[in-house]
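>>> quick one: sequence plus predicted model below, questions after.
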Amino acid sequence: MGTFIVLVTFVLLFLMTGSLLVPLKALVINLLSLAASVGVLTWVFQEGHLTGLLGFAPIGGVEAYVVVTAVGVGFGLAMDYEVFLLGRIKEYWDAGADNDTAVAKGLQRSGRIVTFAALIMVVVFLGFVSGELLIVKEVGLALAIVVALDATVVRMLLVPATMTLLGRWNWWAPAPLKRVYARYGLVDGPALQGVPSASAPGEPR
């Protein structure tokens with residue numbers, strides 16, 4: 001089931017961006033973010049750190065249900081933020097901006113919304129930590145960590161940094177897949193107007 005979700009996500013991101021590298025990068029970074037969040041969860045609840053602050057008695061492990069919930073919900077939220085950010089970047093790229101300008105403008109346009117949306121989610125999930133049931137504490141802390149890491153370290157740092165380093169390779173795909181994207185690609189309205197292009201009209205970027 002997990003493999004199916006990853007494959008479907010990859011295909012949808014390709015149809016959105018027309019790139020093979022952007023979906024792959026998004027999946028790898030999101031999986032690393034989830035792994036880091038599960039690591040923090042293990043450090044707290046399995047190894048017994050922060051017991052006084054969070055008010056629980058460690059039981060030497062983490063409920064499997066909590067891990068599945070954190071990974072499932074966390075992956076969904078992470079991809080939601082990813083799509084929102086990539087959508088803005090792709091708008092500038094389609095309008096003719098060079099890669100660095102598209103990344104910078106896309107981040108500038110979406111960063112505040114992503115940050116405040118994530119802040120709301122973190123506050124809500126941290127409210128679960130005040131519950132008396134250990135499993136509720138685990139779920140709340142796990143999801144709060146997932147969202148906080150994704151909205152700060154991943155979405156505002158790693159994604160723009162990697163996309164800047166990759167440059168025009170971000171938008172690469174073999175010719176057959178480019179034809180697939182040209183026919184079935186997901187386009188969100190008209191391109192932005194008045195964005196300076198990095199190349200002259202008719203020249204490849």
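Cool, the structure landed.
>>> the least confident helix or strand in the chain by mean pLDDT: how far from the chain's middle?
Each helix and strand of the chain was given a mean pLDDT (mean pLDDT, DSSP states H and E); the minimum falls on helix 51-54 at a mean of 79. On the basis of C-alpha atoms, centre = their mean, to the nearest Å, helix 51-54 sits 30 Å off its chain's mean C-alpha point.
>>> same check, this time on stretch 70-88
Centroid separation for stretch 70-88 versus its chain: 4 Å, with C-alpha atoms, centre = their mean.
>>> low-confidence stretches in the chain?
Scanning the chain for pLDDT under 70 picks out the ranges 188-205.
>>> spell out the residue ranges of the helices in it.
With DSSP state H as the definition, the chain shows helices at residue ranges 2-17, 21-41, 51-54, 64-94, 99-129, 134-149, 159-166, 175-184.
>>> got TSV for the ones you listed, with mean neighbour count too?
The C-beta positions use only the backbone N, C-alpha and C, and glycine is treated the same way. Listed next are the helices of the chain as TSV, based on neighbours: other C-beta atoms under 10 Å:
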stretch	mean neighbour count
helix 2-17	15
helix 21-41	18
helix 51-54	11
helix 64-94	19
helix 99-129	17
helix 134-149	22
helix 159-166	17
helix 175-184	11
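>>> chain neighbours aside, what residue packs nearest to Ala173?
The shortest distance from Ala173 to any non-neighbouring residue, by C-beta to C-beta, 6 or more residues apart in numbering, is to Leu20 (5.0 Å).
>>> show me the contacts for the one you found.
Neighbouring residues of Leu20 by C-beta atoms under 8 Å, 6 or more residues apart in numbering: Phe14, Trp172, Ala173, Pro174, Leu177.
>>> wait, doesn't Val136 sit right on Phe128?
Yes. Contact criterion C-beta atoms under 8 Å: Val136 and Phe128 qualify, at 5.3 Å.
>>> what about the residue nearest to Ala173, distance to Trp171?
In this structure, Leu20 and Trp171 are 9 Å apart, going by C-beta to C-beta, to the nearest Å.
>>> for Val11, see how far away the residue nearest to Ala173 is.
Taken as C-beta to C-beta, the span from Leu20 to Val11 is 11 Å.
>>> same question for Val62.
To Val11, Val62 is 32 Å away according to C-beta to C-beta.
>>> how about Ala36?
With C-beta to C-beta as the criterion, Ala36 and Val11 are 26 Å apart.
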